[in-house]
Every structure is written in C-alpha cells, then in structure tokens.
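Trainee: Show me the folded form of this:
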Amino acid sequence: FDNYNDSKWHPVIGLRDMTIYENNLFVSYIDEIKKDCWNTSVISGKINYDKIKFKQVFKSKECVSKVNIDNEFNVQSSGGRIVKYDDDHILLSVGEYKNRYLAQDKNSINGKIIKININNGEYKIISMGHRNPQGLYFDKDNNFILETEHGPRGGDEINLINIREFNNNKIPNYGWAISSYGEHYGGKKADKLKYDKYPLHKSHKEFGFIEPLHAFVPSIGASQIEKIEKNKYVTSSLRDRSL
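Mentor: Sure thing, here's the model as predicted:
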C-alpha cells in the first residue's frame, strides 16, 4: 500500500475493517488525531495489484484519550465496521473507547452508528447508545440495519435500527451506558461509584431506550452479521469461533 500524499499522515496502528465496492477498497482504522488522542477514521483507494494510493474519506476532529472524566481508555472498544448504504454513503460503527459518557452525547460520534458521504466526508448520526459495535448489515429489502455489539461482562446485543426513524431526524437510542444486560467488570461490590454513574439497568424500555432483539448473557464476542436467506441471518462469535 502507498500512503496518500499528506505530510500529517500517521502510521496505522490498528486496522478495524475492510470492504470493497465498485473497485474501491475502504479501510477503517484507529487514527491518532493528535498526540495521544485517537478515533476511528476511514480511507479508500482504487484496487490495484501493485500498490493502492489512499485518500481520506472520513476523519473526525473529535478524539478520545486517557484524560477524561473517568480516566479510562481502551482502543479495542473502537468499533470500525463499514458497510455500503448507497452509491454515495457508507455506514460506520464507532465505539466509545471506554469513554462511556460519550455514547449518550449527541455531539459526539463515539458510541454511534454514522452515515458518511464518501464524496465530502460529511456525516449524520443514525443511532446512539452503543458500546463497541462490531457487526453491521443493511437489509435493503426490509429497510432496516442489524447491528451487533460487545457488552461489558455479559450483555452482547443484536439491535435493529429502523431506517424510517433516522430519516425523520430521530436518533434511535440503545441505552449504553445506562441500560445493559451485562455488568461492569469487577461487579457492584468492587466499584460502586461506577454503578452510580453508569447503572446498567436490566431494562431498556423502562428508561426510554430501545430493547435489543437479543442479548447474550454470557457474552459470545458477537462480530459481523450477515443475511443468508429471506428473513434469516447469521452472526459470528469471536469467543467460540463459531456462527
């Protein structure tokens, strides 16, 4: 691969996902936006068997670091799944990097699914309240998106995002880090203050959020989700290395 011509280019430290359509390779990765401050970015390039010259498709001005209100940070909670939406847009999942409070912040892309215009980099938040979204599938026939995400200790989720809702300028909210069927690592006795701030209620609907289609307790390490035939889908488990 050949880096595109940008003197501020940073080395890629963590590829998250790759997808191809119309002879273009799209790559998401963990990007150092500024020193010791990171987020999930996307580049693309025409397929070429000698070398690929990339250009930036999406790069947020916002970044996350260890310096935050909780002093917690984890690059593994970065999301990064890419799927095609239409000829001009892709969908990108962005994790909260263990900056949990950002998932409920409408001004942040973290803990969200976003729709990106691949021509100008503009984006729109289409769902929020996610922890570490790992799987995306856009079902054009049924006009919805299926999303899988890693919960904390337990509570991996499969969520359905209704296209009509974000087209009406509503942001569907899936509850993290207020509601979850999992628990914080260490449990309530080990970290009461964390539960005071992020209670992980065992209901989404009662607190104004959308319930998952299914929650896995214990977690399976849910990854990509795909359609295999009419109204049938399969998701992969990183934990069990199975479908």
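Trainee: Quick one: low-confidence residue ranges for the protein.
Mentor: 1-13, 166-167 (pLDDT under 70).
Trainee: rerun that using 50 as the cut-off
Mentor: Within the chain, the segments meeting pLDDT under 50 span 1-10.
Trainee: give me the element Ser41 is part of.
Mentor: In the assignment (DSSP states H and E), Ser41 maps to strand 37-46.
Trainee: Please apply the same query to Ser236.
Mentor: Using DSSP H and E, Ser236 maps to strand 232-237.
Trainee: Next, count neighbours for the spatially closest residue to Gly154 that is not a sequence neighbour.
Mentor: The shortest distance from Gly154 to any non-neighbouring residue, by C-beta to C-beta, 6 or more residues apart in numbering, is to Gly182 (3.6 Å). For the C-beta atoms, the positions are set from N, CA and C on the backbone; glycine is no exception. By other C-beta atoms under 10 Å, 22 other residues sit near Gly182.
Trainee: Let me see the contact set for Gly182.
Mentor: The contact partners of Gly182, by C-beta atoms under 8 Å, 6 or more residues apart in numbering, come to Gly151, Pro152, Arg153, Gly154, Gly155, Asp156, Leu200, Ala215, Val217, Ser219.
Trainee: Of the residues you listed, grab the buried ones for ChimeraX.
Mentor: The following ChimeraX line selects those of the contacts of Gly182 that are buried, judged by 16 or more other C-beta atoms under 10 Å:
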select :151,152,155,156,200,215,219
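Trainee: Alpha carbons of the strand holding Ser236, as CSV, please.
Mentor: Provided in CSV are the C-alpha atoms of strand 232-237 (Å, rounded to 0.1, in the frame of the first residue of the first chain):
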residue,chain,number,x,y,z
LYS,A,232,-32.7,-15.4,8.1
TYR,A,233,-29.4,-14.0,9.4
VAL,A,234,-26.2,-15.4,10.9
THR,A,235,-23.8,-13.7,13.3
SER,A,236,-20.3,-14.9,14.3
SER,A,237,-18.9,-15.5,17.8
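Trainee: hey, where'd the strands end up in this protein?
Mentor: 15-21, 24-34, 37-46, 55-58, 79-86, 89-94, 112-117, 123-128, 132-139, 144-150, 156-162, 214-216, 222-229, 232-237 (DSSP state E).
Trainee: could I get those strands as TSV with distance to Lys189?
Mentor: Supplementary listing: those in TSV, determined by distance: least, C-beta to C-beta, whole Å:
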stretch	distance to Lys189
strand 15-21	34
strand 24-34	33
strand 37-46	32
strand 55-58	42
strand 79-86	30
strand 89-94	32
strand 112-117	32
strand 123-128	30
strand 132-139	25
strand 144-150	23
strand 156-162	23
strand 214-216	23
strand 222-229	27
strand 232-237	29
